[in-house]
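S.K.: Pasting a predicted model and its sequence here:
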Amino acid sequence: MLLNQHTVNDRINYFTNLPALRRGAFAALDGVSSQPKELQYLGPLVATVAMAQTLNRDIHADVARVRRMLGDLEGAGTDHVQAIRDYTKGGME
């Protein structure tokens, strides 16, 4: 493991750098964009669940936290999350 579990969990629990999170989300999608559409969605989910299990994290709590953060992630002057939504509407149907 790159970092011990305690350190990674602390970094996740106290993460507040929204610009970095926006860029990370966009980079994750960009990284799988050459895959078939269903794998662009399911692949990152598999990776996320496997990582959550390894770190003993409550995936449902993490998803709920991200859902609460979306308003701030989509704030004025930002475009990463909207670009992901637009890509999904136009490219994944």
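M.R.: Sure, I can see it.

S.K.: On the secondary structure side, give me the element for the residue nearest the centre of the chain.
M.R.: With distances taken as C-alpha atoms, centre = their mean, residue 25 lies nearest the centre of the chain, 4.8 Å away. Per DSSP states H and E, residue 25 falls inside helix 18-32.

S.K.: how about that helix: buried residues?
M.R.: Across helix 18-32, burial judged by 16 or more other C-beta atoms under 10 Å covers 21, 22, 25, 26, 28, 29, 32. For the C-beta atoms, the positions are set from N, CA and C on the backbone; glycine is no exception.

S.K.: Would you mind listing the outside residues contacting it?
M.R.: Applying C-beta atoms under 8 Å, 6 or more residues apart in numbering, the contact partners of helix 18-32 are 15, 39-40, 43-44, 69, 72-73, 75, 78, 80-81, 83-84, 87.

S.K.: just checking, next helix/strand downstream of it?
M.R.: Past helix 18-32, the next helix or strand by DSSP H and E is helix 37-54.

S.K.: so that following helix versus helix 18-32, what angle?
M.R.: Using axes from the mean of the first three to the mean of the last three C-alpha atoms, to 10 degrees, one finds that helix 37-54 and helix 18-32 are set 130 degrees apart in direction.

S.K.: which is the next helix or strand following helix 37-54?
M.R.: Next along from helix 37-54, by DSSP H and E: helix 59-73.

S.K.: quick one: average confidence on that next one?
M.R.: For helix 59-73, mean pLDDT rounds to 95.

S.K.: Then stretch 82-93?
M.R.: Per-residue scores along stretch 82-93 average to 81.

S.K.: in it, what counts as buried?
M.R.: residue 84.

S.K.: coming back round to it: state the distance from the residue nearest to the centre of the chain to residue 70.
M.R.: Residue 25 sits 10 Å away from residue 70, going by C-beta to C-beta, to the nearest Å.
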